[in-house]
Each structure stands twice: as structure tokens, then as C-alpha cells.
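Asker: got a predicted model here, sequence first, then my questions.
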Amino acid sequence: MLCFRHTLPATALLSLMLTPALAAQTTESAAPAWGFSGKVRAGLEYQSNVNVSELNQASGRSDNARLLEADVNASWQATDKLQVFAGYSLQDKQYQNADDYNLRLQLAFLDSQYQLGATSLGINLYHADARLASAPFLTLTQSSVYAMHSASDTWYLRPALTLGQKRFDNINGRDAQTRSLSADSFWFSADGQRFISLGLRYDWEAADATEFRYQAPAVQLKMSTRFTAWTLPQQLQFGARVARRQYQSHSVANTAAARNDLQRQLDLQWQLGLSEHFALISKLEFGDFQSILDSADYTESRGSLSLQLSF
């Protein structure tokens with residue numbers, strides 16, 4: 001089985017689905033009716049343990065990869081209360097030696113929000129398609145309903161319900177219906193240069209095969225600060241996530257022990273603004289995945305350096 005570790009749809013969606021809601025709360029009411037932005041990134045990454053996160057398997061081999069990423073986003077202020085967002089992103093990762101692990105991920109979303117006093121009510125739809133070694137690998141569709149409530153000028157709450165469907169190509173038993181309940185809290189500094197977010201999640205994945213069905217409570221933390229040093233604008237971001245996957249199957253590998261995986265992840269990112277449109281981004285990541293299933297019990301670290309063009 002091919003093994004690869006990358007930002008596959010579940011992780012990518014988690015990040016993207018928070019962006020429109022935060023943007024609606026932090027932009028000024030006098031914003032133009034239409035908005036458009038985009039980013040292109042190119043860089044290199046070292047990965048200590050190449051693997052496929054959706055398959056929970058690791059190769060035990062390290063490799064270098066070329067990264068190419070791009071995303072475009074549009075917004076429309078339809079009325080004083082209704083706002084619509086849309087976007088598309090592409091991630092392409094090509095390994096130096098392990099061509100069989102090359103990954104391309106495409107993701108598109110549509111999000112609409114309606115303002116009711118201090119609360120925005122929203123609904124969104126996300127569709128992701130992943131190709132592994134140039135072959136179809138995974139299709140994921142998700143839809144969410146959520147609320148973004150302004151508890152104060154600097155504190156926001158976001159509960160959400162998400163339903164999804166996974167479809168794997170040529171992998172029996174892993175097709176699944178997914179559900180997720182989440183609650184996120186965001187604290188911003190008065191000047192908007194710093195924020196902290198704390199989130200609680202509970203995921204259900206009902207796969208066709210019993211051994212792949214699980215429930216997963218999780219907690220995640222993200223901190224970000226912007227500052228100027230050496231006359232250049234900079235941003236530091238730190239993230240942490242802990243999840244416990246409780247599998248429905250009562251035994252693994254002919255043992256009586258239940259599979260109850262523990263997943264811990266850390267990441268640190270530094271962005272250095274070189275000019276109005278260019279920035280240098282470096283990132284360090286570490287993952288510790290503990291399981292009684294040998295193929296899902298591993299650690300990994302990654303380091304990357306990219307040049308970003310924004311427009």
C-alpha cells in the first residue's frame with residue numbers, strides 16, 4: 001500500500017472553512033461589494049517519514065519534495081446583511097525519489113453568511129479531489145451549517161455541524177459517511193495584530209468496513225502574532241492538536257485489545273514580508289501517532305521553505 005503524509009482534505013478543509021467567517025467579522029462595513037485575492041507559493045520540503053495520513057500508514061523513509069501551491073478567493077457583499085464567498089486551491093507535491101507518493105490536491109468551496117445583529121448564520125459546501133501518483137485517490141464532499149457570534153469586540157464563538165462523504169478509488173472498505181460537531185473560540189487583541197483560538201471537535205466516521213469506523217474527540221489550539229522587525233513585517237503562528245480515535249472494532253491483529261489511537265501534532269510557521277506582494281514562509285511540523293496497529297504507530301517531522309506571491 002502506498003504511504004504518504006500530506007495536508008489531505010480533512011486538514012485543509014478545517015483551515016479553509018474558518019477563513020470566510022473570520023473575514024466577515026473583521027472587515028469593515030464599508031468594504032466594496034466585490035473582492036478578489038490570490039496567493040501562489042513555491043518551495044521545498046524535507047519529510048522524515050513519508051506516509052499517507054488518510055490511510056494511517058507510514059513508510060519509514062525520508063525524502064525531499066518540491067511544493068507548489070496556489071489559491072484564489074472571491075467575495076460578494078450581496079446586501080447589507082448577506083455576504084457570499086467562493087474559492088479554489090491547488091496543492092502539488094513532487095518527491096525527489098518517491099514518485100509513487102506524489103500528491104495533487106484540488107479544493108473548491110462556496111460559503112454564504114447572513115448577519116443577524118451580533119451573529120452571522122452561515123452555510124458552506126466544500127469539494128476536494130486528491131490524486132496519488134497521478135492516479136485518482138480520494139474524493140471528499142462536505143457541507144456545514146454554523147454560527148459566528150460576536151461576544152465582544154475581541155471575542156468570537158463559532159459552533160458548527162459538518163456532514164461529509166469520502167470516496168476512495170480502488171480501496172475497499174474505506175468509503176465513509178462523516179459527521180463532525182465543533183465549537184471554536186477566537187480572541188483578538190485590540191489592535192488586531194494577535195489572536196488565539198481554541199477549538200473542541202467530535203468526529204464520527206462510518207466507513208463501509210467495520211475496522212475503519214471510529215469516533216474522535218479532539219482539541220486544537222492556534223496562536224498568531226504580527227510584528228515588525230528589521231523594518232520588515234512578520235508573522236509567527238503556532239498550532240497544536242490532540243485527538244483520540246476510538247475505533248469500533250474490538251480487536252486488532254488477533255489481540256483482545258481495542259484500537260484507541262492517540263494523535264498529537266505541533267506546527268510553527270514564520271512569515272517574513274519581503275515587499276508588498278512577496279513573502280518568505282518557513283514551517284516546522286511534528287506528528288506523534290500512537291496505535292496498537294504497527295502500521296499506524298509512527299512519528300514524523302517536516303520542514304519547509306517557500307516563496308509566496310500575493311495579489
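Answerer: All right, it came through fine. Numbering: from 1, shown residues only.
Asker: CA only for contacts and neighbour counts going forward, please
Answerer: Will do.
Asker: correct me, but N102 touches Y95?
Answerer: Yes. Using CA atoms under 8 Å, N102 is in contact with Y95, at 6.0 Å.
Asker: for the protein, where's the lowest mean pLDDT among helices and strands?
Answerer: Using mean pLDDT, DSSP states H and E, helix 9-26 stands out as the lowest-scoring helix or strand of the chain, at a mean of 53.
Asker: and the next helix or strand past it?
Answerer: strand 34-47 (DSSP states H and E).
Asker: name the strands paired with whichever helix or strand comes after that next one and say parallel or antiparallel.
Answerer: Next along the chain after strand 34-47, taking DSSP H and E as the criterion, comes strand 51-52. Note on strand 51-52: by DSSP bridges, its sheet partners are strand 57-58 (antiparallel).
Asker: now for the helix or strand just after the partner strand, which elements pack on it?
Answerer: Per DSSP H and E, the first helix or strand lying C-terminal to strand 57-58 is strand 63-77. In terms of contacts (3 or more CA pairs under 8 Å, 6 or more residues apart in numbering; DSSP states H and E), strand 63-77 is packed against strand 34-47, strand 82-95.
Asker: between those, which one is nearest to W187?
Answerer: Of all the helices and strands packed on strand 63-77, strand 82-95 sits nearest to W187, with 22.8 Å by CA to CA.
Asker: and the angle from that closest one to strand 63-77?
Answerer: Here strand 82-95 runs at an angle of 170 degrees relative to strand 63-77 (axes from the mean of the first three to the mean of the last three CA atoms, to 10 degrees).
Asker: now do strand 82-95, average pLDDT.
Answerer: Strand 82-95 carries an average pLDDT of 96.
Asker: surely S134 is in contact with Y101?
Answerer: No. Using CA under 8 Å, S134 is not in contact with Y101, being 9.1 Å away.
Asker: quick one, which of these two is more surrounded?
Answerer: Comparing S134 with Y101 by neighbour count (other CA atoms under 10 Å), the higher total belongs to Y101, at 22 against 13.
Asker: what's the spacing between that one and S53?
Answerer: Distance, Y101 to S53, by CA to CA, to the nearest Å: 12 Å.
Asker: got it, and A258?
Answerer: For A258, the distance to S53 - CA to CA - is 21 Å.
Asker: bridged to Q83, which residues?
Answerer: Bridge pairing for Q83 - DSSP bridges - gives Q77, Q113.
Asker: residues touching it, list them.
Answerer: By CA atoms under 8 Å, 6 or more residues apart in numbering, the residues touching Q83 are A24, S75, W76, Q77, S112, Q113, Y114.
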